[in-house]
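In: Got a predicted structure plus its sequence, pasted below:
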Amino acid sequence: MKKKWKATTVFGGLLLLSLALSLVYSLVRMLLAPDVIPEGEPLQKVKADYLLMLVECLLGLLVMMLPTLIKRRWRFVVPSTAVMLYYVFLYCAIYLGEVRNFYYVIPHW
């Protein structure tokens with residue numbers, strides 16, 4: 001029997017994978033990044049930037065579980081469309097915005 005994939009499961013999986021890989025990436029880059037930008041060098045990220053990215057990814061992973069906690073704790077039915085839009089928002093805000101630098105590259109992101 002074929003298993004039917006829900007859109008929320010697919011979006012949730014993509015978000016989880018993106019944030020988990022970004023967490024590892026930001027941890028490694030934080031260890032390798034300089035403490036301050038050397039004089040005369042073009043703008044580059046320092047340890048504090050990667051620490052912020054690391055914290056955002058961690059919090060994103062925690063906040064991602066909110067719809068499930070709301071469903072279980074208060075037996076409140078959260079529509080799948082709302083959950084999917086929530087996941088898309090988290091993906092755009094955390095992964096695209098911070099990790100992929102859309103905040104700096106795309107005006108008014």
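Out: Yep, that arrived.
In: Can you give me the pLDDT of Phe11?
Out: If you check Phe11, the pLDDT there is 89.
In: and it, what does it touch?
Out: By C-beta atoms under 8 Å, 6 or more residues apart in numbering, Phe11 lies in contact with Met84, Tyr87, Val88, Tyr91. Using the backbone N, CA and C atoms, a C-beta is placed for each residue, glycine as well.
In: quick one: which helix or strand includes the third one?
Out: In this case it means Val88. helix 80-90 (DSSP states H and E).
In: quick revisit: between the contacts of Phe11, which is nearest Val36?
Out: Closest approach to Val36 among these (C-beta to C-beta): Tyr91, at 31.5 Å.
In: Look up the closest residue to that closest one, ignoring the ones flanking it.
Out: Nearest non-adjacent residue to Tyr91, counting by C-beta to C-beta, 6 or more residues apart in numbering: Leu15, 5.2 Å away.
In: Helix or strand: which one has Thr8?
Out: helix 7-32.
In: Where does pLDDT dip in the chain?
Out: Where the chain drops to pLDDT under 70, the residues are 1-4.
In: which residues sit in contact with the residue nearest to Val36 when sequence neighbours are not counted?
Out: Closest residue to Val36 apart from its sequence neighbours, by C-beta to C-beta, 6+ apart: Val46 at 6.1 Å. Contacts for Val46 (C-beta under 8 Å, 6+ apart) come out as Ala33, Pro34, Asp35, Val36, Ile37.
In: most surrounded residue in these?
Out: The most neighbours of any of these, using other C-beta atoms under 10 Å, belong to Ala33, which has 17 neighbours.
In: That one against Leu51, yeah?
Out: No: contact criterion C-beta atoms under 8 Å: Ala33 and Leu51 do not qualify, at 9.3 Å.
In: Alright, that wraps it up for me.
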